[in-house]
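S.K.: Provide a 3D model corresponding to the input given below.
(chains A and B)
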Amino acid sequence: ELKVEQNPLFLSMQEGKNYTIYCNYSTTSDRLYWYRQDPGKSLESLFVLLSNGAVKQEGRLMASLDTKARLSTLHITAAVHDLSATYFCAVGGRDDKIIFGKGTRLHILP
Amino acid sequence: GAVVSQHPSRVICKSGTSVKIECRSLDFQATTMFWYRQFPKQSLMLMATSNEGSKATYEQGVEKDKFLINHASLTLSTLTVTSAHPEDSSFYICSARSSRQVAFFGQGTRLTVV
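M.R.: Got it, this is the predicted structure:
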């Protein structure tokens, strides 16, 4: 059974600082997703990572994937308040199901 | 990018009534759609996988008779919450794939049962 673990679950950080969210998963997969969710809203797709060593960047966010370690990271550079949200990683499993981690609630202090 | 439209965005219903939620892929054909449920400040829980023209596959612990899923066409899947009760109040989100790699999510439906 595919399990996805994210940490930390809560993160409060100062603007301008860097931080990393980690996503571990339990079984082999070739698809890993990062999503953002604002309160009361649905999911916004951030990144789709499909191969070992894949790295994608958009603005202050950068995601990477190590399929051998079954680990993905979402790195935040010089955080700004607008990045406050909940971030989910999700992994594509068998039967094309997408299983979500518990999410990381990120609060960036001005 | 591909668009998935979910309707309604909010619904309030009385206990014992049924509610239907629609999920449409607007600019692509989706052979598979997924239905998720999200409680406040929690993650998304996969409820079922909906395949066009066949019965939905439900996750363990999800009541098939309670959450009826129909995937009548390549662009439409519906979730009907039957005989709703307050504990069914939740945020329901559908997802559709345009290819094996990419999944898009609907806007979500906030269901409140009173």
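S.K.: looking at strand pairing, list the partners for the residue lying closest to residue B:90 once chain neighbours are set aside.
M.R.: In space, not counting the residues next to it along the chain, residue B:90 is nearest to residue B:37; the distance is 5.1 Å by CB to CB, 6 or more residues apart in numbering or on different chains. The C-beta positions use only the backbone N, C-alpha and C, and glycine is treated the same way. Counting by DSSP bridges, residue B:37 is bridged to residue B:45, residue B:92.
S.K.: how far away is residue A:87 from chain B?
M.R.: Distance of residue A:87 to chain B, given as CB to the nearest CB, to the nearest Å: 11 Å.
S.K.: err, residue A:49, not the other one
M.R.: Distance, residue A:49 to chain B, by CB to the nearest CB: 10 Å.
S.K.: tally of neighbours for that residue?
M.R.: Look at residue A:49: counted by other CB atoms under 10 Å in any protein chain shown, it has 24 neighbours.
S.K.: I figured the residue nearest to residue B:90 hits residue B:48, correct?
M.R.: No. Checked against CB atoms under 8 Å, the pair residue B:37 and residue B:48 is beyond contact range at 9.8 Å.
S.K.: neighbour-wise, which of those two wins?
M.R.: A count of neighbours by other CB under 10 Å puts residue B:48 above the other of residue B:37 and residue B:48, at 23 against 20.
S.K.: which bits of chain B sit near chain A?
M.R.: Within chain B, the positions lying close to chain A (CB under 8 Å from any CB of the partner chain) are B:1, B:6, B:32, B:34, B:36, B:41-46, B:49, B:57, B:93, B:95, B:97, B:100-108, B:110.
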